[in-house]
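**Q** Return a 3D structure for these sequence lines:
(chains A, B, C and D)
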4 protein chains.
Amino acid sequence: MSFRIDLKVRDYECDLQGIVNNGVYFNYLEHARHEFLHANQIDFAKLAADKINLVVIRSEIDFKASLMPGDEFYILVTPKRTSKLKFAFEQQVYRTRDDKLVVAAVIIGTSVNERGRPFVPAEIDQVFPLQVE
Amino acid sequence: MSFRIDLKVRDYECDLQGIVNNGVYFNYLEHARHEFLHANQIDFAKLAADKINLVVIRSEIDFKASLMPGDEFYILVTPKRTSKLKFAFEQQVYRTRDDKLVVAAVIIGTSVNERGRPFVPAEIDQVFPLQVE
Amino acid sequence: MSFRIDLKVRDYECDLQGIVNNGVYFNYLEHARHEFLHANQIDFAKLAADKINLVVIRSEIDFKASLMPGDEFYILVTPKRTSKLKFAFEQQVYRTRDDKLVVAAVIIGTSVNERGRPFVPAEIDQVFPLQVE
Amino acid sequence: MSFRIDLKVRDYECDLQGIVNNGVYFNYLEHARHEFLHANQIDFAKLAADKINLVVIRSEIDFKASLMPGDEFYILVTPKRTSKLKFAFEQQVYRTRDDKLVVAAVIIGTSVNERGRPFVPAEIDQVFPLQVE
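**A** You can find the predicted model right below:
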C-alpha cells in the first residue's frame, strides 16, 4: 500500500512561466519521503544529528503536466528495496481535482555513516524488506 | 564543445545535513541551461513572455558527491538532439578545487506554444541540430 | 479578527544550523498573505496575469524563536490600511504545540498597474478599509 | 568602507510576476553577509558546526525596485555595532547597469552558544567595534 500526503501549491513556488518550477517538485518529493519515513518511525533530521545521513544517489523524474497557483495535489510514496545497500522510492504527484498524473519519479537512496561508509540502520531494513524477485 | 559556467555554493543552499540540498542541484542545472541558451541567443524569459514555453519532460540525475558551504564548482552543458521534438542537455557538476564529479545529469526538454502544442522555434533547431546517428 | 493558516516545517526548509532558514519565513508570510487575500476573493496570480501587481514595499520582521524540523505552526494575518495607496499586513508566526511566538512581522504593500503606476483595485479597498484613527 | 559582492539574477529566482521574488532578496542579503564575514575570517558554517550560531533577530527591508531575469546586481555590506550583544549590517542591493537602488536593508543579529545564551566570539568583536556615538 502506498503512503500519501496532501499539499497545495504556494504562489512563491511558481516561476516566470506561471507554473510550479521543476526544481520545486524535487522539494515536494523529498518532503513526501521524509513524511513517509516519519510515519515509519524514521526521523531524517534526528539521523542527520547522529551523523547517519540518508542520501539520494539517483533520481529519475518524468514531468507529465504542470501544477498551477492554488492547485491542490497529493503525493504517493511506495518503498522498494533494490539491493542490500540501496532502497528506492516510487513516487507520483497527482492533481487532486481530477487525479491527473503530474510527476512520476523513482528516487534511489542509500545510507552512510560519519565516515561516508554505507550503513543501513535497522529501521530502514524494516521499511524496505529485501525481496526475492 | 561544452558550455561552462562557474558558481559558488551559498550557505542558504545547504540543508540540515550541512551539504547542498539535492533539490538545489536542480536549480543549478536549470540556471546553467538557461545561461547556455542565452549564450546561443535564446532567451527563456522572453520566450515565456511570448507564450513559447521550454519545458523539461524528464530528468535523470546521478548524485556522486556532495558540495559543502563555500565550495566553488562549475557546470558543463552539452546539447544533444534526441528527436524532432525533443532535445537533451547532458550536464555535469564538478567541484573546482579537484575536478571531482559531483552530479551527472541528462535533462530532456521540449517546447510548446500557447495552446500546449509542440512548437520548436528556429533558434532551438539551430542549437540542437538533428543528427544522423 | 485575524485570518489563520496552519502549516508544518518541511526538512528542506531547514539550513545548516538545523533550523528553518530566516529567508523561508518570508515565504511562509507571503503564502499566508496570499491565502488571506484568496479568502477575500483576491487572486494574486490572476491579478498578475491581468498586469495588476501587488508588491511589497517594506517588511519589518522580528525573529523571536526558531522553528525546527517537524514543528507545526500557524500564521495570523491582520489587514490594516495605512494610507490611500498603502496597505499593511500584521503577521505573527506561532509554534502550535505551545503557542510560542516565533516571528512578528509588518509587511507593507501597494498595488501597481502595467505601467508601474499606483492602482488600487476595488476589492483591495474593501479588504483594507480606510480608517479614521 | 563597504564590502561588495557581484551577482546575477537566475531565472528560477523569479516568480509568476516575472520578477525576483521578494523572499529571494533575503537569500541574497544573507549570502552577502556570509561572504562579508568570510572576508573577515568569520566562517558561519564552521561556527554553526561548533554550536556557535549567528542569528538574525530583526530585519527591515525596503523594496525600491525590481530585478528582472538576467539582471546583474551588486550588494554592499556595512557593519555597525549597535550594542554589546547586537550587531547590524546595513545592506543595499543595486542594479549594475545603472546603479539603481533596488533594496535597502538593515539586518540586526546576535550570537548565541549551544545553550542559546548570548555569546559574542572575539572575531565578531573585531569586525563590529563598539563605538562611542
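**Q** Can you give me the buried ones in the helix or strand encompassing residue A:59?
**A** Taking DSSP states H and E as the definition, residue A:59 sits inside strand A:53-63. By neighbour count with 16 or more other CB atoms under 10 Å in any protein chain shown, strand A:53-63 contains the buried residues A:53-54, A:56-63. Placement of C-beta: from N, CA and C, glycine included.
**Q** Now tabulate those residues in CSV and tack on distance to chain B and pLDDT.
**A** Conversion of the buried residues of strand A:53-63 to CSV gives the following (distance: CB to the nearest CB, whole Å; pLDDT from 0 to 100):
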residue, distance to chain B, pLDDT
A:53, 5, 88
A:54, 9, 90
A:56, 5, 95
A:57, 5, 96
A:58, 5, 97
A:59, 5, 98
A:60, 5, 98
A:61, 5, 98
A:62, 5, 98
A:63, 5, 97
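**Q** From the residues you listed, pick the one nearest residue A:34.
**A** Closest to residue A:34 out of the buried residues of strand A:53-63 is residue A:54 (8.9 Å), distances taken as CB to CB.
**Q** Tell me what the residue lying closest to residue A:89 once chain neighbours are set aside is bridged to.
**A** Nearest non-adjacent residue to residue A:89, counting by CB to CB, 6 or more residues apart in numbering or on different chains: residue A:107, 4.6 Å away. Note on residue A:107: beta-bridge partners by DSSP bridges are residue A:59, residue A:89.
**Q** hey, where'd the strands end up in chain A?
**A** For chain A, applying DSSP state E gives strands covering A:3-8, A:53-63, A:72-81, A:87-95, A:100-112.
**Q** and the residue lying closest to residue A:81 once chain neighbours are set aside, what is it in contact with?
**A** Leaving aside its chain neighbours, residue A:81 sits nearest to residue A:128 (4.1 Å; criterion: CB to CB, 6+ apart). With contact set as CB atoms under 8 Å, 6 or more residues apart in numbering or on different chains, residue A:128 has these partners: A:79-81, A:87.
**Q** can you list the weak-confidence ranges in chain A?
**A** Scanning chain A for pLDDT under 70 picks out the ranges A:1, A:131-133.
**Q** Within range of chain C, give me the residues from chain A.
**A** A:10-12, A:14, A:18, A:27, A:30-31, A:34, A:38, A:43-45, A:48-49, A:68-70 (CB under 8 Å from any CB of the partner chain).
**Q** Kindly identify which of those also come near chain B.
**A** Counting by CB under 8 Å from any CB, A:27, A:30, A:45, A:48 from these sit close to chain B.
**Q** Report the two of the residues you listed separated the most.
**A** A:27 and A:48 (16.8 Å).
**Q** Got a quick PyMOL command for the buried subset of the residues of chain A next to chain C?
**A** Remark: buried members of the residues of chain A next to chain C, expressed as a PyMOL selection using 16+ other CB under 10 Å:
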select buried, chain A and resi 10+11+12+14+18+27+30+31+34+38+43+44+45+48+69+70
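**Q** Among the residues of chain A next to chain C, which are located in helices?
**A** A:27, A:30-31, A:34, A:38, A:44-45, A:48-49 (DSSP state H).
**Q** burial measure for residue A:124, as a count.
**A** If you count neighbours by other CB atoms under 10 Å in any protein chain shown, residue A:124 ends up with 21.
**Q** what's the closest of the strands of chain A to residue D:4?
**A** The nearest among the strands of chain A, by CB to CB, is strand A:53-63 at 35.9 Å.
**Q** If you count neighbours, what's buried in stretch A:100-116?
**A** A:102-112.
**Q** Contacts for it, please.
**A** With CB under 8 Å, 6+ apart, stretch A:100-116 has contacts from A:25, A:29, A:33, A:51-67, A:73, A:82, A:85-95, A:118-121, A:124.
**Q** Return the distance of residue A:124 relative to residue A:89.
**A** 12 Å (CB to CB, to the nearest Å).
**Q** my bad, residue A:42
**A** For residue A:42, the distance to residue A:89 equals 12 Å [CB to CB].
**Q** swap in residue A:31?
**A** Taken as CB to CB, the span from residue A:31 to residue A:89 is 12 Å.
**Q** now the residue lying farthest from the centre of chain A: how far from residue D:107?
**A** The centre of chain A is farthest from one residue, residue A:16, which by CA atoms, centre = their mean lies 25.4 Å away. Distance of residue A:16 to residue D:107, given as CB to CB: 27 Å.
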